[in-house]
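A.B. asks: following is a predicted model, sequence given first.
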Amino acid sequence: MNTMIWDEALIRKYNTKGPRYTSYPTALLLRTDYAAENALQALAHSGDELSLYVHLPFCRQLCYYCGCNKVISQDQTKADRYLQALATEMQFYQKVTTNKHVSQLHLGGGTPTFLDHPQLQLLMQQLRQYFHFTADAVLSIEIDPRSCDIDKLRLLRELGFSRVSFGVQDFDEKVQLAIHRQQSFVLVESLVVASRQLGFSSVNLDLVYGLPWQQPDSFADTLQQVITLDPDRVSLFSYAHLPERFAAQRKIPNEALPDAKQKLALLALAVDRLGQAGFQAIGMDHFAKAHDSLAIAQREGRLQRNFQGYTTDNCASMLGLGVSAISQVGDQIWQHQKDLNLYYRQQTDIGHSIDKGMSLSLDDQIRADVIAELMCNFQLNTESFARKWQINFQQYFANSLAQLASCQQDGLIVVTSQQLTVTARGRPWVRILAACFDAYLLPQSQQYSQVV
């Protein structure tokens, strides 16, 4: 990326709403008339390898910026009932996953470390009871530093976890107060140091830019503190302010939020500082040290993108467990009930919690492939792509290429007869470029976040 991303003309022209493209079609397009049998059939006929995601929705405190599916509670026993429901869900899927081998497991939320020691042990016991894990399966977990200590880290390591991701967001006290998430640098530092000592192979720190009261000077301090901690990866997400969808965000005053130009300045600052510290930019919002598997995958053109963001996981079958969890297996995408009470009720009434889904057409799959290449690798060889899908690229995507013409004139992308290449100037706007290939976008556009 370079200073040209500051161009105010680009901000005025392209800072519209659009998907993050963790999938295509996006989750907003899933239909409630979806038949659960389609999901089971897809799993039954998929390959031997399986990737698992488990959503654990509970948090002890509400963070005002958060748009995740969560349940705020101080009642530890609520997780007991939830683990029972997860076991029932595992049984539902077990009949078509008996011969699968789990190569990846990710616990997300919410706050997975809301679970106490016995609950974490029970969850892993259940997972290993109903699914077969490979000996080298990669287990990762998202951690709120306020809900974790060294003893819990030690337990996670004993349970087989090798990757941890700590939610930092920002170390500035004024920002933390505004988003109702106070945690000290000393706390995070102690957990990162302990993770290294306990033998975790990868440490990720999450940051968010565009939060209330963020300023270049204070954010530079946060970046320096993050660099001092020497993580393997840094995730740098753009804050999506959608108060009409997330009530807690209404507690954030609009006047405290940076505008699009200021957000891009924060992004440019982060790209510069992290780059100088030896981090390789991955996709549009991740950074990794050269030795990290994400950086290696990007250099080798193997980077993937799924509902958890950028990943090295090349498994074609991802099964989500828990409330609101999304799965994608073959040409099927489905999601579980989002509301926890309805999730429990539906599981009792009909034996599963699948709420909606979609069967991807051939066109969906072709467009998903284009979008993934642009989002992951910032380039696409149109000749090899055409051979792969047995299409005439220029004819098939004539409308998309016409939409790209304006982006090409603005220097965001280079289009030749054989290649699409996103420029450094265009990387912050890659969602705009991907949207040119989205056949569904216009009717849904108002439900997405701002691109910047």
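C.D. replies: Now that the structure is in, tell me what you want to look at. Numbers count the residues shown, from 1 in each chain.
A.B. asks: how about low-confidence regions in the stretch 251-400 of the chain?
C.D. replies: 313 (pLDDT under 70).
A.B. asks: which SS class is the nearest residue to His352 once chain neighbours are set aside?
C.D. replies: Once flanking residues are discounted, His352 sits nearest to Phe92: 5.0 Å by CB to CB, 6 or more residues apart in numbering. Where you see a C-beta, it was placed from the backbone N, CA and C, and this is true even at glycine. Classification of Phe92 using DSSP: H, G, I helix; E, B strand; the rest coil returns helix.
A.B. asks: from Tyr344, how far out is Phe92?
C.D. replies: Phe92 is 14 Å from Tyr344, where distance means CB to CB, to the nearest Å.
A.B. asks: and Glu158, by the same measure?
C.D. replies: 31 Å.
A.B. asks: out of these two, which sits in the more crowded spot?
C.D. replies: Set Glu158 next to Tyr344 and count neighbours by other CB atoms under 10 Å: Tyr344 wins out with 18 against 12.
A.B. asks: what about Glu300, how many neighbours?
C.D. replies: Glu300: 9 neighbours (other CB under 10 Å).
A.B. asks: in contact with it, which residues?
C.D. replies: Under the criterion of CB atoms under 8 Å, 6 or more residues apart in numbering, Glu300 has no neighbours.
A.B. asks: do the same with Ile282
C.D. replies: Ile282 neighbours (CB under 8 Å, 6+ apart): 288, 294-295, 298, 303, 310.
A.B. asks: phi, psi for it please.
C.D. replies: When read as degrees, to the nearest 10, the backbone of Ile282 gives phi -120, psi 120.
A.B. asks: quick thing: my sequence starts at 29, can you match it?
C.D. replies: All set: I'll call the first residue 29, so the last point we hit is now Ile310.
A.B. asks: which residues does it form a beta bridge with?
C.D. replies: Following DSSP bridges, Ile310 is listed with bridge partners His314.
A.B. asks: measure it to Gln332 for me?
C.D. replies: Separation of Ile310 from Gln332 (CB to CB): 11 Å.
A.B. asks: now for the two: what residues contact both?
C.D. replies: Shared contacts of Ile310 and Gln332 (CB under 8 Å, 6+ apart): Tyr338.
A.B. asks: so, low pLDDT: which residues of the stretch 79-228 of the chain?
C.D. replies: The stretch 79-228 of the chain contains no residues with pLDDT under 70.
A.B. asks: which member of the contacts of Ile310 is positioned nearest Ser263?
C.D. replies: Nearest to Ser263 among the contacts of Ile310 is Tyr338, at 8.5 Å by CB to CB.
A.B. asks: now the closest one: which helix or strand?
C.D. replies: Under the criterion of DSSP states H and E, Tyr338 resides in strand 337-339.
A.B. asks: quick one: strands adjacent to that strand?
C.D. replies: Strand pairing for strand 337-339, using DSSP bridges, gives strand 332-334 (antiparallel).
A.B. asks: which residues does the strand it pairs with contact?
C.D. replies: For strand 332-334, contacts defined as CB under 8 Å, 6+ apart pick out 49-51, 311, 325, 338-342, 346, 356, 400, 403-404.
A.B. asks: out of those, list just those in helices.
C.D. replies: Under the assignment DSSP state H, the contacts of strand 332-334 contribute 325, 400, 403-404 to helices.
A.B. asks: between those residues, which sits nearest Leu57?
C.D. replies: Closest approach to Leu57 among the ones in helices among the contacts of strand 332-334 (CB to CB): Ala400, at 16.5 Å.
A.B. asks: what sits closest to that closest one if chain neighbours are left out?
C.D. replies: Nearest one to Ala400, counting by CB to CB, 6+ apart, is Arg333 at 5.6 Å.
A.B. asks: beta-bridge partners for that neighbour, please?
C.D. replies: For Arg333, the beta-bridge partners are Tyr338 (DSSP bridges).
A.B. asks: can you count the residues close to it?
C.D. replies: Burial of Arg333 is recorded as 22 neighbouring residues (other CB under 10 Å).
A.B. asks: and what of Arg224?
C.D. replies: 12.
A.B. asks: not counting sequence-adjacent ones, nearest residue to it?
C.D. replies: Closest to Arg224 by CB to CB, 6+ apart is Val231, at 7.2 Å.
A.B. asks: and the one you found, which of the three is it?
C.D. replies: From three-state DSSP, the assignment for Val231 is strand.
A.B. asks: ok, now which ones touch it?
C.D. replies: For Val231, the contact set (CB under 8 Å, 6+ apart) comprises 191-194, 220, 223-224, 257, 259-261.
A.B. asks: what's the distance between Asn66 and Gln360?
C.D. replies: Here the distance between Asn66 and Gln360 works out to 6 Å (CB to CB).
A.B. asks: what sits in contact with each of those two?
C.D. replies: Common neighbours of Asn66 and Gln360 (criterion: CB under 8 Å, 6+ apart): 385, 387.
A.B. asks: name the residues of stretch 142-159 that are buried.
C.D. replies: Buried residues in stretch 142-159, counted by 16 or more other CB atoms under 10 Å: 142-143, 147-148, 150-152, 154-155, 158-159.
A.B. asks: go through the residues you listed and name the one nearest Ile171.
C.D. replies: Ranked by distance to Ile171 (CB to CB), those are led by Phe142 at 10.4 Å.
A.B. asks: correct me, but the closest one touches Ala107?
C.D. replies: Yes: if you go by CB atoms under 8 Å, Phe142 and Ala107 touch, sitting 6.5 Å apart.
A.B. asks: common neighbours of the two, please.
C.D. replies: Taking CB under 8 Å, 6+ apart as the contact rule, Phe142 and Ala107 both touch 84, 86.
A.B. asks: who does the helix or strand hosting Ser412 touch, helix- and strand-wise?
C.D. replies: Secondary structure assigned from DSSP H and E places Ser412 in helix 410-417. If contacts are counted by 3 or more CB pairs under 8 Å, 6 or more residues apart in numbering; DSSP states H and E, helix 410-417 sits against helix 390-405, helix 421-424.
A.B. asks: returning to that earlier point: count the residues that sit near the residue nearest to His380.
C.D. replies: 20.
A.B. asks: hmm, Ser321 and Tyr338 touching each other?
C.D. replies: No: using CB under 8 Å, Tyr338 makes no contact with Ser321, being 10.9 Å away.
A.B. asks: okay, those two: which has more neighbours?
C.D. replies: Neighbour comparison, Tyr338 and Ser321: the larger count goes to Tyr338, with 23 against 19 (by other CB under 10 Å).
A.B. asks: right, I'll leave it there.
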